[in-house]
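# Make a model of this:
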Amino acid sequence: MLPQIKTLLGKSAAPAQREARAERMPPDEGMRYRREMLYQSIRESMLAMEVLSNMYKFKVVNVDQQHQVFIVMIEVSKLFEAKWNGASASFAQAEQRLMTGAMNRAGVTLQGVFWRVDETVDAFAMPARASDGADQTGVAMRTREVPGDVSHARVRLARRSAETPAAPTGSANSASGPSAAGGKSDIGSTQYGQL
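Okay, the predicted model is just below:
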């Protein structure tokens, strides 16, 4: 009786296995997917260790042809500090966190993490995106702001106030405020609009 059950199960399982194989991603698409999942895993692990994105940059290199084993090269600024549970984490602890996150989230193996500390850089610059307009100086690079650094915000506020003409003090519009007049506020803007 047991051999008959096995043959029945074997016959019914074969079409299901063929269907599952047909639904798989093509190999090149699967490789791109695993690489992108690894990128996300590294970013999330760094964020979990309270590392800001301007404190590091990284490259990923595959070791095998199936893109299941990788090496990560991370360059960190001199302000880099990883924390775990409120305490400073060493490079070895950060590396272990990255390896665990890559296996859990992306299903790939990090064979090694290589660190390079750049003592001359406080924060890494990001290349300009297509949606970024060139500022008045024509610089094509934008820098990431370090928390607590208000110099960039002051520059933006000064540029904005210089671009908007001031309303006369005796007019009715100045008494009711810039928002009632439809003008821009000197306070700033949020993702929802002007303040």
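# rest of the way, CA atoms for contacts and neighbours
Will do.
# where in this structure is pLDDT low?
For the chain, residues meeting the criterion pLDDT under 70 lie at 1-23, 126-158, 160-162, 164-195.
# switch the cut-off to 50
Residues of the chain that meet the criterion pLDDT under 50 lie in 18, 136-142, 145-148, 171-181, 185.
# residue ranges for the strands of it, please.
56-62, 69-77, 82-84, 87-89, 109-118, 125-127, 141-143, 189-190, 193-194 (DSSP state E).
# got these as a markdown table, with distance to residue 96 and mean neighbour count columns?
As requested, the strands of the chain are exported to a markdown table (distance: least, CA to CA, whole Å; neighbours: other CA atoms under 10 Å):
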| stretch | distance to residue 96 | mean neighbour count |
| --- | --- | --- |
| strand 56-62 | 16 | 16 |
| strand 69-77 | 12 | 18 |
| strand 82-84 | 12 | 17 |
| strand 87-89 | 10 | 13 |
| strand 109-118 | 9 | 16 |
| strand 125-127 | 27 | 13 |
| strand 141-143 | 30 | 14 |
| strand 189-190 | 38 | 10 |
| strand 193-194 | 42 | 10 |
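# could you dump the ones you listed to TSV with distance to residue 44?
Formatted as TSV, the strands of the chain follow (distance: least, CA to CA, whole Å):
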stretch	distance to residue 44
strand 56-62	13
strand 69-77	14
strand 82-84	13
strand 87-89	16
strand 109-118	15
strand 125-127	19
strand 141-143	21
strand 189-190	25
strand 193-194	29
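# Helices along this protein, start to end?
For the chain, the helices defined by DSSP state H cover 2-23, 27-48, 91-101, 151-163, 172-176, 178-181.
# Nearest to residue 46, out of the strands of the chain?
Of all the strands of the chain, it is strand 82-84 that lies closest to residue 46, at 7.7 Å by CA to CA.
# That closest one - contacts with which helices or strands?
Packing partners of strand 82-84 (3 or more CA pairs under 8 Å, 6 or more residues apart in numbering; DSSP states H and E): strand 87-89.
# Now with 10 Å, please.
Secondary-structure packing of strand 82-84 (3 or more CA pairs under 10 Å, 6 or more residues apart in numbering; DSSP states H and E): helix 27-48, strand 87-89, helix 91-101.
# nearest to residue 110, of the ones you listed?
Of those, the one closest to residue 110 (CA to CA) turns out to be helix 91-101, at 5.5 Å.
# Show me what that closest one is in contact with.
The contact list for helix 91-101, computed with CA atoms under 10 Å, 6 or more residues apart in numbering, reads 38, 40-46, 48-49, 72, 81-84, 88-90, 102, 104, 106-115.
# let's see it at 6 Å
Outside helix 91-101, the residues that touch it by CA atoms under 6 Å, 6 or more residues apart in numbering are 41, 45, 110.
# my read: residue 116 touches residue 72, true?
No. Counting by CA atoms under 6 Å, residue 116 does not reach residue 72; the two are 11.1 Å apart.
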